[in-house]
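[1] Sequence first, then the predicted structure, then my questions.
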Amino acid sequence: MTDTTITTADPDAAAASQGAMNEEIAAISAAYDRAGVVETQPRLDYAPYRSSLLRHPTKDLHHADPEGIELWAPAFGHQDVGPLEADLTIQRGGEPIGERMVVTGRVLDGDGRPVRRQLVEVWQANAGGRYIHKRDQHPAAIDPNFTGVGRCLTDDDGRYRFTTIKPGPYPWKNHRNAWRPAHIHFSLFGTEFTQRMVTQMYFPGDPLFALDPIYQSIVDPRARERLVATYDHDVTQHEWSTGYRWDIVLTGSHRTPLEDA
Amino acid sequence: MSRVPGDLAPTAGQTVGPFFHDALPYPGDSELVPPSRADAVRFHGVVVDGAGAPVPDALIEIWQADADGRIVQEPGSLRRDGFTFTGWGRSATDADGHYSFSTVRPGPTTPGTAPFVAVTVFARGLLNRLFTRAYLPGDPEALAATPLLAGLEPDRRSSLVAVEEGNGFRFDIHLQGEGETVFLRHPRH
(Lines give C-alpha, C1' and ligand atoms only; values in the text may rest on other atoms or scores of the structure.)
Protein backbone atom coordinates (compact mmCIF):
# COMPACT_ATOMS: atom_id res chain seq x y z
CA MET A 1 0.00 0.00 0.00
CA THR A 2 1.23 3.47 -0.70
CA ASP A 3 -0.05 6.62 0.84
CA THR A 4 1.52 9.57 -0.82
CA THR A 5 0.82 12.50 1.46
CA ILE A 6 4.05 11.85 3.36
CA THR A 7 6.86 11.85 0.86
CA THR A 8 10.11 11.98 2.79
CA ALA A 9 12.69 9.29 2.13
CA ASP A 10 11.82 7.63 5.41
CA PRO A 11 8.06 7.93 5.79
CA ASP A 12 8.19 6.77 9.39
CA ALA A 13 10.43 9.68 10.33
CA ALA A 14 7.73 12.16 9.34
CA ALA A 15 4.78 10.10 10.53
CA ALA A 16 2.87 10.91 13.67
CA SER A 17 2.89 8.45 16.53
CA GLN A 18 -0.33 6.72 17.49
CA GLY A 19 -0.36 8.88 20.61
CA ALA A 20 -0.22 12.09 18.58
CA MET A 21 -2.91 10.70 16.28
CA ASN A 22 -5.12 9.93 19.28
CA GLU A 23 -4.76 13.52 20.44
CA GLU A 24 -5.80 14.87 17.03
CA ILE A 25 -8.82 12.58 17.02
CA ALA A 26 -9.76 13.51 20.58
CA ALA A 27 -9.57 17.26 19.88
CA ILE A 28 -11.97 16.97 16.94
CA SER A 29 -14.27 14.75 18.97
CA ALA A 30 -14.35 17.25 21.85
CA ALA A 31 -15.15 20.11 19.46
CA TYR A 32 -17.99 18.03 18.00
CA ASP A 33 -19.43 17.38 21.45
CA ARG A 34 -19.31 21.10 22.29
CA ALA A 35 -21.02 22.06 19.02
CA GLY A 36 -24.02 19.88 19.83
CA VAL A 37 -25.14 19.41 16.21
CA VAL A 38 -25.70 15.77 15.25
CA GLU A 39 -23.84 14.52 12.16
CA THR A 40 -24.51 11.19 10.46
CA GLN A 41 -21.84 11.16 7.75
CA PRO A 42 -18.02 11.26 7.86
CA ARG A 43 -16.25 14.58 7.69
CA LEU A 44 -14.73 15.06 4.24
CA ASP A 45 -12.16 17.38 5.81
CA TYR A 46 -10.63 15.15 8.49
CA ALA A 47 -6.91 15.82 8.85
CA PRO A 48 -6.07 12.72 10.91
CA TYR A 49 -6.72 10.73 7.70
CA ARG A 50 -3.69 12.16 5.88
CA SER A 51 -4.77 11.14 2.37
CA SER A 52 -7.82 13.38 2.72
CA LEU A 53 -5.76 16.58 3.08
CA LEU A 54 -5.61 17.37 -0.64
CA ARG A 55 -8.66 15.37 -1.65
CA HIS A 56 -11.55 17.06 0.13
CA PRO A 57 -13.55 19.96 -1.31
CA THR A 58 -12.94 23.19 0.58
CA LYS A 59 -16.20 24.81 -0.52
CA ASP A 60 -19.55 23.82 0.97
CA LEU A 61 -21.51 21.26 -0.99
CA HIS A 62 -24.03 23.09 -3.16
CA HIS A 63 -27.68 22.39 -2.40
CA ALA A 64 -29.54 21.04 -5.40
CA ASP A 65 -32.96 19.46 -5.76
CA PRO A 66 -32.53 16.19 -7.58
CA GLU A 67 -34.04 16.19 -11.03
CA GLY A 68 -34.46 14.00 -14.08
CA ILE A 69 -32.02 11.16 -14.13
CA GLU A 70 -31.06 11.72 -10.46
CA LEU A 71 -34.53 10.58 -9.36
CA TRP A 72 -33.85 7.12 -10.77
CA ALA A 73 -31.21 4.49 -10.18
CA PRO A 74 -29.67 2.04 -12.63
CA ALA A 75 -31.35 -1.37 -12.77
CA PHE A 76 -29.51 -4.65 -12.31
CA GLY A 77 -30.84 -8.14 -12.90
CA HIS A 78 -29.98 -11.80 -12.77
CA GLN A 79 -28.07 -11.51 -16.04
CA ASP A 80 -25.72 -9.16 -14.17
CA VAL A 81 -25.08 -11.24 -11.05
CA GLY A 82 -24.91 -15.01 -10.70
CA PRO A 83 -26.17 -16.60 -7.46
CA LEU A 84 -22.76 -18.10 -6.70
CA GLU A 85 -21.11 -14.66 -6.59
CA ALA A 86 -22.53 -14.19 -3.07
CA ASP A 87 -20.36 -17.03 -1.74
CA LEU A 88 -16.74 -15.86 -1.44
CA THR A 89 -15.64 -19.26 -0.13
CA ILE A 90 -16.25 -21.26 -3.35
CA GLN A 91 -14.53 -19.15 -5.98
CA ARG A 92 -11.34 -21.22 -6.21
CA GLY A 93 -10.43 -24.87 -5.99
CA GLY A 94 -10.32 -25.25 -2.24
CA GLU A 95 -11.50 -23.93 1.09
CA PRO A 96 -10.08 -20.55 2.07
CA ILE A 97 -8.34 -20.27 5.41
CA GLY A 98 -10.05 -18.54 8.32
CA GLU A 99 -13.33 -18.22 10.12
CA ARG A 100 -16.20 -18.99 7.74
CA MET A 101 -18.99 -16.48 8.37
CA VAL A 102 -22.28 -15.31 6.93
CA VAL A 103 -23.18 -11.64 6.85
CA THR A 104 -26.77 -10.75 6.07
CA GLY A 105 -29.10 -7.81 6.52
CA ARG A 106 -31.50 -5.49 4.77
CA VAL A 107 -31.00 -2.43 2.61
CA LEU A 108 -33.67 0.18 3.41
CA ASP A 109 -34.38 3.70 2.25
CA GLY A 110 -34.79 6.60 4.66
CA ASP A 111 -38.50 5.80 5.07
CA GLY A 112 -37.81 2.19 5.97
CA ARG A 113 -38.86 0.76 2.62
CA PRO A 114 -36.82 -2.20 1.35
CA VAL A 115 -34.53 -1.54 -1.59
CA ARG A 116 -35.53 -4.47 -3.82
CA ARG A 117 -33.54 -6.34 -6.46
CA GLN A 118 -30.64 -3.91 -6.23
CA LEU A 119 -26.91 -4.53 -6.54
CA VAL A 120 -24.67 -4.99 -3.48
CA GLU A 121 -20.90 -5.36 -4.04
CA VAL A 122 -18.35 -6.29 -1.36
CA TRP A 123 -14.58 -6.59 -1.11
CA GLN A 124 -12.29 -7.36 1.78
CA ALA A 125 -8.93 -8.62 3.02
CA ASN A 126 -8.41 -12.29 3.79
CA ALA A 127 -8.12 -13.81 7.26
CA GLY A 128 -4.52 -12.61 7.52
CA GLY A 129 -5.36 -9.02 6.61
CA ARG A 130 -4.08 -9.23 3.03
CA TYR A 131 -5.91 -8.08 -0.12
CA ILE A 132 -5.24 -9.74 -3.45
CA HIS A 133 -4.73 -6.20 -4.81
CA LYS A 134 -1.31 -5.79 -6.45
CA ARG A 135 -0.62 -2.66 -4.43
CA ASP A 136 -1.09 -4.39 -1.08
CA GLN A 137 2.44 -4.91 0.23
CA HIS A 138 1.50 -6.16 3.71
CA PRO A 139 3.73 -9.24 4.22
CA ALA A 140 0.90 -11.55 5.18
CA ALA A 141 0.05 -14.65 3.16
CA ILE A 142 -2.10 -14.44 0.05
CA ASP A 143 -4.76 -17.14 0.22
CA PRO A 144 -4.94 -18.83 -3.21
CA ASN A 145 -8.53 -19.85 -2.42
CA PHE A 146 -9.81 -16.39 -1.55
CA THR A 147 -10.23 -13.30 -3.71
CA GLY A 148 -12.34 -11.38 -1.19
CA VAL A 149 -14.74 -10.10 -3.87
CA GLY A 150 -18.49 -10.76 -4.06
CA ARG A 151 -21.79 -9.46 -5.41
CA CYS A 152 -25.48 -10.14 -4.95
CA LEU A 153 -28.90 -8.68 -5.61
CA THR A 154 -31.21 -7.87 -2.71
CA ASP A 155 -34.43 -9.88 -2.55
CA ASP A 156 -37.98 -8.52 -2.31
CA ASP A 157 -37.43 -7.70 1.38
CA GLY A 158 -34.26 -5.78 0.55
CA ARG A 159 -32.21 -8.60 2.05
CA TYR A 160 -28.64 -9.42 1.04
CA ARG A 161 -26.57 -12.39 2.19
CA PHE A 162 -22.88 -13.23 1.71
CA THR A 163 -20.86 -16.24 2.83
CA THR A 164 -17.25 -15.27 3.37
CA ILE A 165 -14.22 -15.45 5.66
CA LYS A 166 -13.83 -13.05 8.57
CA PRO A 167 -11.21 -10.49 7.44
CA GLY A 168 -8.16 -9.67 9.54
CA PRO A 169 -6.91 -6.22 10.58
CA TYR A 170 -3.96 -4.85 8.61
CA PRO A 171 -1.30 -2.14 8.86
CA TRP A 172 -1.24 0.96 6.68
CA LYS A 173 0.97 4.02 6.36
CA ASN A 174 -1.24 6.83 7.66
CA HIS A 175 0.91 7.18 10.79
CA ARG A 176 3.44 5.08 12.63
CA ASN A 177 2.06 1.65 13.62
CA ALA A 178 -1.31 2.43 12.06
CA TRP A 179 -3.73 -0.51 11.83
CA ARG A 180 -7.16 -0.69 10.25
CA PRO A 181 -9.88 -2.46 12.23
CA ALA A 182 -11.18 -5.53 10.37
CA HIS A 183 -13.83 -4.49 7.86
CA ILE A 184 -15.76 -5.44 4.73
CA HIS A 185 -16.26 -2.78 2.04
CA PHE A 186 -19.87 -2.44 0.82
CA SER A 187 -21.03 -0.68 -2.36
CA LEU A 188 -24.76 0.11 -2.47
CA PHE A 189 -27.37 1.51 -4.82
CA GLY A 190 -30.82 2.73 -3.87
CA THR A 191 -33.91 3.56 -5.87
CA GLU A 192 -32.50 6.98 -6.73
CA PHE A 193 -29.03 7.90 -7.89
CA THR A 194 -28.62 10.30 -4.97
CA GLN A 195 -28.64 7.30 -2.60
CA ARG A 196 -25.50 5.78 -4.09
CA MET A 197 -22.95 5.03 -1.37
CA VAL A 198 -19.84 3.09 -0.45
CA THR A 199 -19.09 2.25 3.16
CA GLN A 200 -17.34 -0.25 5.44
CA MET A 201 -18.85 -2.75 7.86
CA TYR A 202 -16.96 -3.45 11.08
CA PHE A 203 -17.05 -6.18 13.74
CA PRO A 204 -18.22 -5.78 17.33
CA GLY A 205 -15.70 -4.93 20.01
CA ASP A 206 -12.73 -4.23 17.74
CA PRO A 207 -9.90 -2.80 19.91
CA LEU A 208 -8.68 -0.71 16.95
CA PHE A 209 -11.82 1.47 16.69
CA ALA A 210 -10.49 4.28 18.88
CA LEU A 211 -7.17 4.34 17.01
CA ASP A 212 -8.46 4.45 13.42
CA PRO A 213 -8.85 7.84 11.71
CA ILE A 214 -11.08 6.44 8.94
CA TYR A 215 -13.61 5.05 11.42
CA GLN A 216 -13.25 8.15 13.60
CA SER A 217 -13.86 10.47 10.62
CA ILE A 218 -17.50 9.80 11.52
CA VAL A 219 -17.38 12.07 14.54
CA ASP A 220 -20.75 11.03 15.99
CA PRO A 221 -20.42 7.92 18.20
CA ARG A 222 -23.87 6.55 17.37
CA ALA A 223 -23.28 7.05 13.66
CA ARG A 224 -20.03 5.07 14.01
CA GLU A 225 -21.82 2.26 15.86
CA ARG A 226 -24.27 1.91 12.96
CA LEU A 227 -21.34 0.60 10.91
CA VAL A 228 -20.75 -2.24 13.38
CA ALA A 229 -22.44 -5.57 12.62
CA THR A 230 -24.14 -7.61 15.34
CA TYR A 231 -23.19 -11.19 16.08
CA ASP A 232 -26.40 -13.20 15.59
CA HIS A 233 -26.54 -16.82 16.70
CA ASP A 234 -29.67 -17.32 14.60
CA VAL A 235 -27.53 -16.60 11.53
CA THR A 236 -24.75 -18.89 12.78
CA GLN A 237 -25.09 -22.36 11.25
CA HIS A 238 -24.55 -25.65 13.08
CA GLU A 239 -21.05 -26.97 12.45
CA TRP A 240 -20.60 -24.63 9.48
CA SER A 241 -20.24 -20.87 9.98
CA THR A 242 -20.65 -17.96 12.36
CA GLY A 243 -23.24 -15.31 11.56
CA TYR A 244 -23.45 -11.53 11.59
CA ARG A 245 -26.33 -9.19 10.87
CA TRP A 246 -25.95 -5.69 9.49
CA ASP A 247 -28.73 -3.46 8.17
CA ILE A 248 -28.04 -0.50 5.90
CA VAL A 249 -30.22 2.59 5.65
CA LEU A 250 -29.68 4.78 2.62
CA THR A 251 -30.36 8.48 2.67
CA GLY A 252 -33.98 9.50 2.18
CA SER A 253 -35.74 9.17 -1.14
CA HIS A 254 -37.61 11.92 -2.96
CA ARG A 255 -39.98 10.01 -5.20
CA THR A 256 -43.23 9.18 -3.45
CA PRO A 257 -44.32 5.52 -3.28
CA LEU A 258 -46.97 6.25 -5.93
CA GLU A 259 -44.23 7.15 -8.36
CA ASP A 260 -42.46 3.88 -7.63
CA ALA A 261 -44.80 1.82 -9.79
CA MET B 1 -26.66 -3.46 19.16
CA SER B 2 -25.26 -1.67 16.18
CA ARG B 3 -28.59 -0.10 15.21
CA VAL B 4 -31.56 0.02 17.57
CA PRO B 5 -34.87 -1.19 16.07
CA GLY B 6 -36.73 1.59 14.32
CA ASP B 7 -33.62 3.73 13.88
CA LEU B 8 -33.73 4.95 10.29
CA ALA B 9 -30.82 7.37 10.46
CA PRO B 10 -28.71 6.92 7.34
CA THR B 11 -25.71 4.63 7.39
CA ALA B 12 -22.49 6.64 7.19
CA GLY B 13 -20.33 6.42 4.11
CA GLN B 14 -16.63 5.54 4.21
CA THR B 15 -13.81 5.92 1.73
CA VAL B 16 -13.58 3.43 -1.12
CA GLY B 17 -9.93 2.99 -0.07
CA PRO B 18 -7.06 1.89 -2.32
CA PHE B 19 -8.09 -1.73 -2.91
CA PHE B 20 -11.32 -1.55 -4.92
CA HIS B 21 -9.80 -2.42 -8.30
CA ASP B 22 -10.39 -6.17 -8.05
CA ALA B 23 -14.02 -5.63 -7.00
CA LEU B 24 -15.67 -2.68 -8.71
CA PRO B 25 -14.17 -2.37 -12.22
CA TYR B 26 -15.19 -5.10 -14.68
CA PRO B 27 -14.78 -5.75 -18.40
CA GLY B 28 -16.85 -3.28 -20.41
CA ASP B 29 -17.64 -1.14 -17.36
CA SER B 30 -17.00 2.16 -19.13
CA GLU B 31 -18.60 1.25 -22.48
CA LEU B 32 -22.24 2.29 -22.25
CA VAL B 33 -22.17 1.82 -26.00
CA PRO B 34 -19.40 0.24 -28.07
CA PRO B 35 -16.91 2.94 -29.17
CA SER B 36 -17.30 1.75 -32.75
CA ARG B 37 -20.97 2.69 -32.86
CA ALA B 38 -21.75 5.59 -35.20
CA ASP B 39 -23.28 7.78 -32.48
CA ALA B 40 -20.72 6.92 -29.77
CA VAL B 41 -19.07 9.86 -28.02
CA ARG B 42 -16.22 9.94 -25.57
CA PHE B 43 -16.91 11.35 -22.10
CA HIS B 44 -13.62 11.70 -20.27
CA GLY B 45 -11.36 13.82 -18.11
CA VAL B 46 -8.86 13.83 -15.30
CA VAL B 47 -9.35 13.87 -11.55
CA VAL B 48 -6.88 16.15 -9.76
CA ASP B 49 -6.23 16.96 -6.11
CA GLY B 50 -5.67 20.30 -4.35
CA ALA B 51 -2.06 20.43 -5.51
CA GLY B 52 -3.08 19.83 -9.12
CA ALA B 53 -1.69 16.30 -9.02
CA PRO B 54 -3.61 13.53 -10.80
CA VAL B 55 -5.58 11.13 -8.61
CA PRO B 56 -4.70 7.65 -9.88
CA ASP B 57 -6.98 5.78 -7.48
CA ALA B 58 -10.37 7.39 -8.09
CA LEU B 59 -13.47 5.72 -9.49
CA ILE B 60 -16.00 7.67 -11.56
CA GLU B 61 -19.55 6.51 -12.21
CA ILE B 62 -21.96 8.09 -14.68
CA TRP B 63 -25.73 7.74 -15.05
CA GLN B 64 -27.59 9.38 -17.90
CA ALA B 65 -30.58 9.38 -20.19
CA ASP B 66 -30.36 7.99 -23.69
CA ALA B 67 -30.00 10.12 -26.80
CA ASP B 68 -33.74 10.81 -26.82
CA GLY B 69 -33.80 11.92 -23.19
CA ARG B 70 -35.41 8.71 -21.99
CA ILE B 71 -34.46 7.36 -18.57
CA VAL B 72 -33.97 3.65 -19.09
CA GLN B 73 -34.45 0.90 -16.51
CA GLU B 74 -32.66 -1.86 -18.38
CA PRO B 75 -30.46 -4.35 -16.54
CA GLY B 76 -27.25 -5.60 -18.10
CA SER B 77 -24.64 -3.03 -17.13
CA LEU B 78 -22.37 -5.71 -15.62
CA ARG B 79 -22.65 -8.10 -18.58
CA ARG B 80 -23.10 -5.83 -21.54
CA ASP B 81 -24.59 -7.34 -24.69
CA GLY B 82 -23.39 -4.50 -26.93
CA PHE B 83 -26.93 -3.49 -27.91
CA THR B 84 -28.88 -2.63 -24.75
CA PHE B 85 -28.35 0.90 -23.46
CA THR B 86 -28.44 0.81 -19.64
CA GLY B 87 -27.41 4.43 -19.00
CA TRP B 88 -24.87 3.55 -16.32
CA GLY B 89 -21.14 2.88 -16.26
CA ARG B 90 -18.00 3.14 -14.19
CA SER B 91 -14.36 3.96 -14.95
CA ALA B 92 -11.37 3.77 -12.61
CA THR B 93 -8.75 6.46 -13.19
CA ASP B 94 -5.40 5.40 -14.62
CA ALA B 95 -1.90 6.38 -13.46
CA ASP B 96 -2.46 9.85 -14.96
CA GLY B 97 -5.75 10.35 -13.14
CA HIS B 98 -7.65 9.88 -16.38
CA TYR B 99 -11.09 8.27 -16.75
CA SER B 100 -12.92 7.63 -20.00
CA PHE B 101 -16.37 6.44 -21.08
CA SER B 102 -17.86 5.53 -24.42
CA THR B 103 -21.49 6.65 -24.42
CA VAL B 104 -24.08 8.66 -26.34
CA ARG B 105 -24.92 12.33 -25.97
CA PRO B 106 -27.89 12.32 -23.57
CA GLY B 107 -31.04 14.13 -24.59
CA PRO B 108 -32.90 16.40 -22.17
CA THR B 109 -35.21 14.46 -19.83
CA THR B 110 -37.57 17.48 -19.90
CA PRO B 111 -37.87 19.42 -23.17
CA GLY B 112 -36.10 22.75 -23.09
CA THR B 113 -33.83 21.90 -20.15
CA ALA B 114 -30.10 21.43 -20.47
CA PRO B 115 -29.13 17.75 -20.53
CA PHE B 116 -26.55 16.54 -18.03
CA VAL B 117 -24.67 13.43 -17.04
CA ALA B 118 -24.96 12.59 -13.32
CA VAL B 119 -21.46 11.90 -11.97
CA THR B 120 -20.35 10.19 -8.75
CA VAL B 121 -16.75 10.42 -7.53
CA PHE B 122 -15.04 7.91 -5.24
CA ALA B 123 -11.35 7.90 -4.30
CA ARG B 124 -8.84 6.83 -1.75
CA GLY B 125 -8.51 9.83 0.56
CA LEU B 126 -12.09 10.89 -0.13
CA LEU B 127 -14.09 9.94 2.95
CA ASN B 128 -17.48 9.91 1.25
CA ARG B 129 -18.66 9.89 -2.34
CA LEU B 130 -19.26 13.18 -4.12
CA PHE B 131 -22.03 13.97 -6.58
CA THR B 132 -21.83 16.44 -9.41
CA ARG B 133 -23.37 17.09 -12.83
CA ALA B 134 -21.68 17.43 -16.18
CA TYR B 135 -23.89 19.69 -18.27
CA LEU B 136 -23.43 19.44 -22.01
CA PRO B 137 -22.42 22.53 -23.94
CA GLY B 138 -24.11 23.44 -27.19
CA ASP B 139 -27.38 25.02 -26.07
CA PRO B 140 -26.50 28.33 -24.35
CA GLU B 141 -30.17 29.26 -23.86
CA ALA B 142 -30.96 26.03 -22.04
CA LEU B 143 -27.83 26.37 -19.92
CA ALA B 144 -28.68 29.98 -19.02
CA ALA B 145 -32.17 28.86 -17.96
CA THR B 146 -30.84 26.15 -15.64
CA PRO B 147 -31.48 27.30 -12.04
CA LEU B 148 -28.51 25.40 -10.60
CA LEU B 149 -26.08 27.08 -13.01
CA ALA B 150 -27.73 30.50 -12.78
CA GLY B 151 -27.20 30.47 -9.01
CA LEU B 152 -23.41 30.09 -9.29
CA GLU B 153 -20.61 32.57 -9.85
CA PRO B 154 -19.31 32.31 -13.45
CA ASP B 155 -15.99 30.72 -12.47
CA ARG B 156 -17.77 28.06 -10.44
CA ARG B 157 -20.48 27.54 -13.05
CA SER B 158 -17.92 26.55 -15.65
CA SER B 159 -16.82 23.60 -13.48
CA LEU B 160 -20.20 21.95 -14.21
CA VAL B 161 -20.15 22.35 -17.99
CA ALA B 162 -18.28 19.81 -20.07
CA VAL B 163 -16.08 20.98 -22.92
CA GLU B 164 -16.98 19.94 -26.45
CA GLU B 165 -14.32 18.02 -28.34
CA GLY B 166 -14.25 16.54 -31.80
CA ASN B 167 -15.45 13.13 -30.68
CA GLY B 168 -17.18 13.93 -27.43
CA PHE B 169 -16.79 15.82 -24.18
CA ARG B 170 -14.13 16.52 -21.62
CA PHE B 171 -15.06 16.93 -17.96
CA ASP B 172 -12.17 17.42 -15.54
CA ILE B 173 -12.87 17.00 -11.83
CA HIS B 174 -10.99 19.19 -9.34
CA LEU B 175 -11.42 17.81 -5.85
CA GLN B 176 -9.95 20.90 -4.22
CA GLY B 177 -8.42 24.31 -4.83
CA GLU B 178 -8.10 26.21 -8.10
CA GLY B 179 -11.17 25.54 -10.22
CA GLU B 180 -12.69 23.30 -7.53
CA THR B 181 -15.64 21.43 -9.00
CA VAL B 182 -19.05 22.24 -7.56
CA PHE B 183 -20.22 19.17 -5.67
CA LEU B 184 -23.84 18.72 -4.70
CA ARG B 185 -25.82 18.03 -1.56
CA HIS B 186 -29.42 16.94 -1.96
CA PRO B 187 -32.26 17.59 0.50
CA ARG B 188 -32.80 14.68 2.92
CA HIS B 189 -29.32 13.44 2.11
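    Great, that's in hand. Residues are numbered from 1 along each chain as shown, chains lettered A, B, ... in the order given.
[2] Residue A:96 and chain B, how far apart?
    Residue A:96 sits 15 Å away from chain B, going by CB to the nearest CB, to the nearest Å. Any C-beta I mention is one placed from the backbone N, CA and C, and that applies to glycine too.
[3] wait, what's in contact with that residue?
    Shown in contact with residue A:96 (CB atoms under 8 Å, 6 or more residues apart in numbering or on different chains): A:88-89, A:126-127, A:143, A:145-146, A:165.
[4] Filter these down to just the ones in strands.
    residue A:165 (DSSP state E).
[5] Closest one of the contacts of residue A:96 to residue A:50?
    Residue A:50 lies nearest to residue A:126 out of those, by CB to CB, at 25.6 Å.
[6] burial count for that closest one?
    By other CB atoms under 10 Å in any protein chain shown, 26 other residues sit near residue A:126.
[7] quick revisit: please convert the contacts of residue A:96 to a markdown table, extending it with distance to chain B.
    Below are these laid out as a markdown table (distance: CB to the nearest CB, whole Å):
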| residue | distance to chain B |
| --- | --- |
| A:88 | 11 |
| A:89 | 16 |
| A:126 | 12 |
| A:127 | 16 |
| A:143 | 13 |
| A:145 | 15 |
| A:146 | 12 |
| A:165 | 15 |
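[8] Going by distance to residue B:45, which of the contacts of residue A:96 wins?
    For the contacts of residue A:96, the closest approach to residue B:45 (CB to CB) belongs to residue A:88, at 34.0 Å.
[9] looking at it, residue A:89 is touching residue A:150, isn't it?
    No. When contacts are counted by CB atoms under 8 Å, residue A:89 is not listed as touching residue A:150 (9.7 Å).
[10] Please enumerate the shared neighbours of those two.
    residue A:164.
[11] quick revisit: among the contacts of residue A:96, which are located in helices?
    Per DSSP state H, helices hold no members of the contacts of residue A:96.
[12] Tell me which of residue A:89 and residue A:150 has more neighbours.
    residue A:150 (25 against 19).
[13] Just say helix, strand or coil for the more buried one.
    strand (DSSP: H, G, I helix; E, B strand; the rest coil).
[14] pretty sure it is in contact with residue A:87, am I right?
    Yes. If you go by CB under 8 Å, residue A:150 and residue A:87 touch, sitting 7.4 Å apart.
[15] what residues are shared contacts of the two?
    By CB under 8 Å, 6+ apart, the residues touching both residue A:150 and residue A:87 are A:162, A:164.
[16] So for residue B:170, what's the pLDDT?
    Note on residue B:170: pLDDT of 98.
[17] got it, and the one 4 residues further on?
    At residue B:174 the predicted local distance difference test score is 98.
[18] same question, residue B:5
    On the pLDDT scale, residue B:5 is placed at 85.
[19] what's the neighbour count on it?
    The number of residues near residue B:5, taken as other CB under 10 Å, comes to 6.
[20] quick one, what contacts residue 169?
    Since you didn't name a chain, this refers to chain A. A:129, A:179-182, A:206, A:208.
[21] actually chain B
    B:41-44, B:105, B:134, B:136-137, B:162-163.
[22] Let's see that with 10 Å instead.
    Listed by CB atoms under 10 Å, 6 or more residues apart in numbering or on different chains, the contact partners of residue B:169 are B:41-45, B:101, B:103, B:105, B:117, B:134-138, B:161-163.
[23] Now the buried members of these.
    Burial by neighbour count, judged by 16 or more other CB atoms under 10 Å in any protein chain shown, picks out B:41, B:43-45, B:101, B:103, B:105, B:117, B:134-136, B:161-162 from those.
[24] which one of the residues you listed sits closest to residue B:5?
    Out of the buried ones among the contacts of residue B:169, the member with the shortest distance to residue B:5 (by CB to CB) is residue B:117, at 39.7 Å.
[25] which residues does the closest one bridge with?
    residue B:134 (DSSP bridges).
[26] Quick check: it touching residue B:134?
    Yes. The criterion here is CB atoms under 10 Å, and residue B:117 meets it with residue B:134 at 4.4 Å.
[27] Residues in contact with both of those two, list them for me.
    With CB under 10 Å, 6+ apart, residue B:117 and residue B:134 have common neighbours B:43, B:62, B:64, B:106, B:162, B:169, B:171.
[28] doesn't residue B:117 make contact with the third one?
    Pointing back at residue B:64 there. Yes. Counting by CB under 10 Å, residue B:64 does reach residue B:117; the two are 4.5 Å apart.
[29] what do those two both touch?
    With CB under 10 Å, 6+ apart as the test, residue B:64 and residue B:117 both reach A:69, B:43, B:87, B:101, B:103, B:105-106, B:134, B:136.
[30] What about the residues you listed, which are in strands?
    B:43, B:101, B:103, B:134.
[31] check contacts around the last one.
    Residue B:134 sits next to B:43, B:45, B:62, B:64, B:106, B:115-119, B:159-163, B:169-171, B:173, B:181 when contact means CB under 10 Å, 6+ apart.
[32] how about the residue nearest the centre of chain A, secondary structure?
    Per CA atoms, centre = their mean, the C-alpha nearest to the average position across chain A is that of residue A:200, at 1.0 Å. Here residue A:200 is strand, with the state taken from three-state DSSP.
[33] how near is it to chain B?
    Using CB to the nearest CB, one gets 4 Å for the distance from residue A:200 to chain B.
[34] Just to check, that residue is in contact with residue A:188?
    No. Because the distance of 11.7 Å does not satisfy CB under 10 Å, residue A:200 is recorded as not touching residue A:188.
[35] Mind listing the shared neighbours of those two?
    When contacts are counted by CB under 10 Å, 6+ apart, residue A:200 and residue A:188 are jointly contacted by residue B:13.
[36] element containing residue A:190?
    Using DSSP states H and E, residue A:190 sits within no helix or strand.
[37] quick one: contacts for the nearest residue to it once chain neighbours are set aside?
    Nearest residue to residue A:190 in three dimensions, chain neighbours excluded: residue A:250, at 4.3 Å (CB to CB, 6 or more residues apart in numbering or on different chains). Residues near residue A:250 by CB under 10 Å, 6+ apart: A:107-110, A:113, A:115, A:118, A:188-192, A:194-197, B:8, B:10-11, B:189.
[38] Dihedrals phi and psi, the residue most central in space within chain B?
    With distances taken as CA atoms, centre = their mean, residue B:119 lies nearest the centre of chain B, 2.0 Å away. Main-chain dihedrals, residue B:119, degrees, to the nearest 10: phi -120, psi 130.
[39] before we move on, back to that, between the buried ones among the contacts of residue B:169, which sits nearest chain A?
    residue B:117 (8.1 Å; CB to the nearest CB).
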